[in-house]
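**Q** need coordinates for the below:
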Amino acid sequence: MAEDSDGFRQCIEREFPALTRRPYLDTACIGIASRRAIRAVSDFAHSVQHCPEVSGTAQHSRLNEDRASARPLAARLIGADLSDIALVESTTHGLTVAAQALPLQAGDEVLMCDLEFIQMGLIWRQLSHTGIKVRVIPSGAGAITADMIREHLGPRVRVLAISSVQWTNGFRADMATLSQLCRERGIWLVVDAAQHLGAWPFNVKETPVDVLACGGHKWLNSPFGTGILYLSPEIRGRLHRPIAGFFAAHPPGRTWGESFTQPDLLPLREYEFTDDALAWEIGGTGNYPGAVGLAASLSVVLELQPHRIARHINELTDHLIEGLDRLGVEVVSPRAAHHRSGIVTFSVGPGAPDNAVMKHLLQAGIAVGVRYIAGVGGVRVSCHAFNSAQDVEQLLGALDAWVGRRVPRRAAHPKPLRGAGRTAEIASQRTLIDALDDDLMGLVAARALVSRGIQRSRLEMRGARTDLTREREVVERFHDRLGPSGTRLALLLLHMSNGHT
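**A** Next up, the predicted model:
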């Protein structure tokens, strides 16, 4: 167990170095990219500055292969087959594709609860012109159970649309029971897993669902505009197919690149489309850097292992809830272990009081948020793999200070409070500066690496090691943007890129 724990910590320290200096507890809003993901996207961006392949056709083929590298990792994460995974832009995109693909008819009903994220209701409401109706189940004390859902299952209910983890209070649904219930009743189970995957294990073989959508920019720590859509092989043959691009069709030749060279190729002909989930992708040129970043991010999650991440999160949320209880603060999130997630929400009073606490914590350099839906919510704290017990202690300490100041303050003591607030703000901004410096140093090292590769290529071509005309262009560009300081910076970068330190 010690080696297991050591490996977990080493991976976190290696991939998220900046977060060792700042309590970032807002992953439920947007995650923090790992060093591996940043490097993957940076390397990709550098590679497309010139065409490393023999032709544009070969280059485009390689880009498609790079994008496709995210699919097997996503499949492994949720226990699916490769053919079950489509790459989408976000959770919203995935749910929209699913809503349009399901074979629903006028009079069919979609069941959802009032805890859902705005987009869940928005998607289904926009299908009202087709005669599809949406029924909303009122949650009880911030929870939605199988018994509550069972009571609302009328004869016209065809879809249960639910978030496996709710976004305001972190309630984790009993997906195993809901899966069984839907399969017994012949109801489509559509799952929003945006607040689940990356923090908690989910296996579609063990817990069958029909559709699962998850953006990469939250708990998967890949904020680059790419997510995953799982479509069960049991349902794909019954789904409406989108108007897809040619990458979703089988090429007339061995590859599309080869097909384009055939004189008898025509734009209007019969095409055979794949039965894989990728048929529900756009089928054209995709978000290549996003998929590359997602693949790298998924590799980090798989290295850390979802069950170890969940165990670590459990320890942090236990510690946080105990601390909130000591402070006499209301815990809005569920306490039962089987309904807990990485989100712990607390409240000192709806509206202005909760927002005041959030502002206080932000000024102390602790990133949190405030979220409400249907009257449920408060100050939302997200505990993820890269967080530590020290992060939780820092939050509890700042909250303790706020609770202690809830009594009316005397007018004679405004300056120390303002000074303390300024000090905390400076500390927070310095943390950001440190993170930016880390990024700058990484970019300088990456630039030097690419530059030396160019130098080697020039020498292999029997050319000069450096191109003075090119170096002059670099200096001029830095000077135009940054003035005389830019000139000095450009000369220093060129000096370092030529192998000097």
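**Q** which stretches of the stretch 1-150 of the chain have low pLDDT?
**A** Counting by pLDDT under 70, the stretch 1-150 of the chain shows low-confidence ranges at 1-4.
**Q** show me the strands in the stretch 51-200 of the chain, by range?
**A** All strands of the stretch 51-200 of the chain, identified by DSSP state E, counting those that start in this stretch, fall at 85-88, 109-113, 133-137, 157-163, 188-192.
**Q** can you list the strands that the second one pairs with?
**A** Right, the one you point to is strand 109-113. Sheet pairing of strand 109-113 (DSSP bridges) gives strand 133-137 (parallel), strand 157-163 (parallel).
**Q** and the angle from that strand to strand 188-192?
**A** 40 degrees (axes from the mean of the first three to the mean of the last three C-alpha atoms, to 10 degrees).
**Q** need the contact partners of strand 109-113.
**A** For strand 109-113, the external contacting residues (C-beta atoms under 8 Å, 6 or more residues apart in numbering) are 104, 120-121, 124, 132-139, 144, 148-149, 152-154, 156-162, 187. (Glycine included, C-beta is placed from N, CA and C.)
**Q** what of the first one?
**A** Here strand 85-88 makes contact (C-beta under 8 Å, 6+ apart) with 67, 70-72, 74-75, 94, 97, 213, 226-231, 277-281, 286, 291, 294.
**Q** kindly report the same for the longest one.
**A** Residues external to strand 157-163 that are found in contact with it (C-beta under 8 Å, 6+ apart): 95, 102, 104, 108-113, 115-117, 120, 124, 135, 144, 149, 173, 178, 182, 185, 187-196.
**Q** domains in the chain, as residue ranges please.
**A** If you go by automatic domain parsing, the domain ranges for the chain are 2-26+305-404, 38-257+272-302, 414-497.
**Q** how far is the shortest one from where the chain is centred?
**A** It stands for domain 414-497. 28 Å (C-alpha atoms, centre = their mean, to the nearest Å).
**Q** mean confidence score for that domain?
**A** Domain 414-497 comes out with an average pLDDT of 75.
**Q** and residue 378, what element?
**A** strand 376-382 (DSSP states H and E).
**Q** gap between that strand and the chain center?
**A** Mean-position distance between strand 376-382 and its chain equals 19 Å (C-alpha atoms, centre = their mean).
**Q** ok, then the element right after it?
**A** Downstream of strand 376-382, the next assigned helix or strand under DSSP H and E is helix 389-404.
**Q** can you tell me the SS state at residue 490?
**A** helix (DSSP: H, G, I helix; E, B strand; the rest coil).
**Q** can you tell me how far the nearest residue to it once chain neighbours are set aside is from residue 486?
**A** Nearest non-adjacent residue to residue 490, counting by C-beta to C-beta, 6 or more residues apart in numbering: residue 478, 3.7 Å away. Distance, residue 478 to residue 486, using C-beta to C-beta, to the nearest Å: 4 Å.
**Q** what would the domains of the chain look like in TSV with distance to residue 266 and mean neighbour count?
**A** Formatted as TSV, the domains of the chain follow (distance: least, C-beta to C-beta, whole Å; neighbours: other C-beta atoms under 10 Å):
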stretch	distance to residue 266	mean neighbour count
domain 2-26+305-404	48	18
domain 38-257+272-302	9	19
domain 414-497	41	13
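**Q** any chance of a markdown table for those, columns distance to residue 263?
**A** Below are those laid out as a markdown table (distance: least, C-beta to C-beta, whole Å):
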| stretch | distance to residue 263 |
| --- | --- |
| domain 2-26+305-404 | 51 |
| domain 38-257+272-302 | 12 |
| domain 414-497 | 36 |
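**Q** so who does residue 37 touch?
**A** Taking C-beta under 8 Å, 6+ apart, one finds 221-222, 224, 293-294, 296-297, 300 in contact with residue 37.
**Q** mind running it again at 10 Å?
**A** Residues in contact with residue 37 (C-beta atoms under 10 Å, 6 or more residues apart in numbering) are 15, 31, 216, 220-224, 292-300.
**Q** helices and strands around the strand holding residue 378, which ones?
**A** Packing contacts for strand 376-382, counted by 3 or more C-beta pairs under 10 Å, 6 or more residues apart in numbering; DSSP states H and E, involve helix 306-326, strand 343-347, helix 352-363, strand 369-373, helix 389-404.
**Q** save those as a markdown table, and put in distance to residue 10 and mean pLDDT too.
**A** Below are those laid out as a markdown table (distance: least, C-beta to C-beta, whole Å; pLDDT from 0 to 100):
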| stretch | distance to residue 10 | mean pLDDT |
| --- | --- | --- |
| helix 306-326 | 13 | 97 |
| strand 343-347 | 26 | 98 |
| helix 352-363 | 29 | 95 |
| strand 369-373 | 30 | 97 |
| helix 389-404 | 17 | 94 |
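**Q** still on that earlier bit, which strand or helix spans the residue nearest to residue 490?
**A** helix 468-482.
**Q** which residues does that helix contact?
**A** With C-beta under 10 Å, 6+ apart as the test, helix 468-482 has contacts from 451, 454, 467, 485-494, 497-498.
**Q** how does it look with 7 Å?
**A** Here helix 468-482 makes contact (C-beta atoms under 7 Å, 6 or more residues apart in numbering) with 486-487, 489-491, 494.
**Q** now the helices for the stretch 1-150 of the chain?
**A** Shown for the stretch 1-150 of the chain, the helices assigned by DSSP state H, counting those that start in this stretch span residues 2-15, 35-47, 56-68, 70-78, 91-101, 118-125, 146-151.
**Q** check contacts around the residue nearest to the spatial centre of the chain.
**A** Central residue of the chain (C-alpha atoms, centre = their mean): residue 217, 2.0 Å from the mean position. Counting by C-beta under 7 Å, 6+ apart, residue 217 touches 30-31, 223.
**Q** of these, closest to residue 390?
**A** Comparing the contacts of residue 217 against residue 390 with C-beta to C-beta places residue 31 closest, at 19.7 Å.
**Q** now do the SS call for the residue lying closest to the closest one once chain neighbours are set aside.
**A** Closest residue to residue 31 apart from its sequence neighbours, by C-beta to C-beta, 6+ apart: residue 221 at 4.0 Å. Classification of residue 221 by three-state DSSP places it in coil.
**Q** next one, pLDDT for residue 221 please.
**A** Reported pLDDT for residue 221: 96.
**Q** so what's the nearest residue to residue 339 once chain neighbours are set aside bridging to?
**A** Counting by C-beta to C-beta, 6+ apart, residue 339 lies nearest to residue 172, which is 5.1 Å off, once chain neighbours are set aside. In this structure, residue 172 has the following beta-bridge partners (DSSP bridges): residue 165.
**Q** mind listing what residue 172 touches?
**A** 164-165, 339-341.
**Q** quick check, nearest of the residues you listed to residue 246?
**A** Closest approach to residue 246 among the contacts of residue 172 (C-beta to C-beta): residue 164, at 34.4 Å.
**Q** hmm, that closest one is touching residue 197, no?
**A** No: using C-beta atoms under 7 Å, residue 164 makes no contact with residue 197, being 8.6 Å away.
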